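Undergrad: How does the following fold in three dimensions:
(one chain, ligands or ions: 1)
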Amino acid sequence: MSDAVPTPFSGPPPTSGEEEAPLYVRIAGDYAERIREGALSPGDALPPERKIAEIYGVSRVTVRRALEQLVLEGLIEQRQGSGTYVSQRLQQPLSVLTSFTEDVRARGMTPNSQFLDRAIGIATPEEAIGLGLKPGQGVSRIARLRSADGIPLAIETAAVVLDALPDPTVVTDSLYDVLSSRGMRPVRAIQRLSAVALDKRNAELLDVPPGSPGLYMVRVGYDAGDRPIEYTRSFYRGDRWDFITELA
Ligand code: GLP
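TA: Numbers count the residues shown, from 1 in each chain. Here you go, the predicted model:
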């Protein structure tokens, strides 16, 4: 277990004139920062309520509210009779166009990819429809098993139009970083998310039993001129992801 005891109120001091946040918000903020910085890793135990109350010099009721807040944010999990742990689930916001790399780093974890395919090929009928291509046109195709801190989390197959990505082998880490450097990162996307049971091959790659719950996502990403440039199919492990939607 890494050092689970934060320096109390290590966050920035409130600027003058600004009201101080309630104590529970500041305690929750301290832990959230530790988790996002990677000082606390997924699966690490938090100290017992009594101990946290002691460290901060607050009541257990205040600590309980702070922990409730962290549970709501998906950062910790409370297990009956066992304690409180940093959540092993990752979050993908559905209202912002983030990349896998960004979602993993936001949790203080290190992304990694194993390439299953990285070549130019003829667009499949599904990819051609998604990208508005004519039958027989080529795409850069990148299939990857994607992990965070060595834990396999998703299998993604991206087809990108050739003028956005003429050479798929230049992608070694983040596809969106490469597209950004070419001024071609999608600026908006449409996604479809469905529940699936992972088949034998996908389950094996993701290191879960066949038939385990998964999420299947199709993303079509558009460039600034509203042309579809990315068509990606992803299988996510159901036990490791929360997809967060903001409602207004
Ligand atoms: C997410 C999306 C994919 C996108 C990928 C890019 O996982 N579902 O559609 O291609 O991010 O991630 P990265 O830039 O880390 O390769």
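
Undergrad: Which positions in this protein make contact with the ligand?
TA: 99-101, 156, 158, 174-177, 217, 219, 230, 232, 234 (Cβ under 6 Å from any ligand atom). Glycine gets a C-beta too; all of them are placed from N, C-alpha and C.

Undergrad: And the residues you listed, which of them are buried?
TA: Neighbour-count burial (16 or more other Cβ atoms under 10 Å) applied to the residues of the chain next to the ligand gives 99-101, 156, 158, 174-176, 217, 219, 230, 232, 234.

Undergrad: Mind putting those into JSON lines with distance to I27?
TA: Shown next, in JSON lines, are those (distance: Cβ to Cβ, whole Å):
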{"residue": "S99", "distance to I27": "31"}
{"residue": "F100", "distance to I27": "31"}
{"residue": "T101", "distance to I27": "30"}
{"residue": "E156", "distance to I27": "37"}
{"residue": "A158", "distance to I27": "41"}
{"residue": "S174", "distance to I27": "34"}
{"residue": "L175", "distance to I27": "38"}
{"residue": "Y176", "distance to I27": "34"}
{"residue": "M217", "distance to I27": "35"}
{"residue": "R219", "distance to I27": "37"}
{"residue": "E230", "distance to I27": "41"}
{"residue": "T232", "distance to I27": "39"}
{"residue": "S234", "distance to I27": "36"}
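
Undergrad: Identify the farthest-apart pair in those residues.
TA: S174 and M217 (17.4 Å; Cβ to Cβ).

Undergrad: Break down the protein into its strands, ranges please.
TA: Secondary structure of the chain (DSSP state E): strands located at 76-79, 83-86, 90-93, 111-122, 138-148, 151-161, 188-197, 213-222, 228-237, 241-244.

Undergrad: Output the ones you listed as a markdown table; include the columns mean pLDDT.
TA: A markdown table is the format used below for those (pLDDT from 0 to 100):
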| stretch | mean pLDDT |
| --- | --- |
| strand 76-79 | 91 |
| strand 83-86 | 94 |
| strand 90-93 | 86 |
| strand 111-122 | 98 |
| strand 138-148 | 98 |
| strand 151-161 | 97 |
| strand 188-197 | 97 |
| strand 213-222 | 98 |
| strand 228-237 | 98 |
| strand 241-244 | 88 |
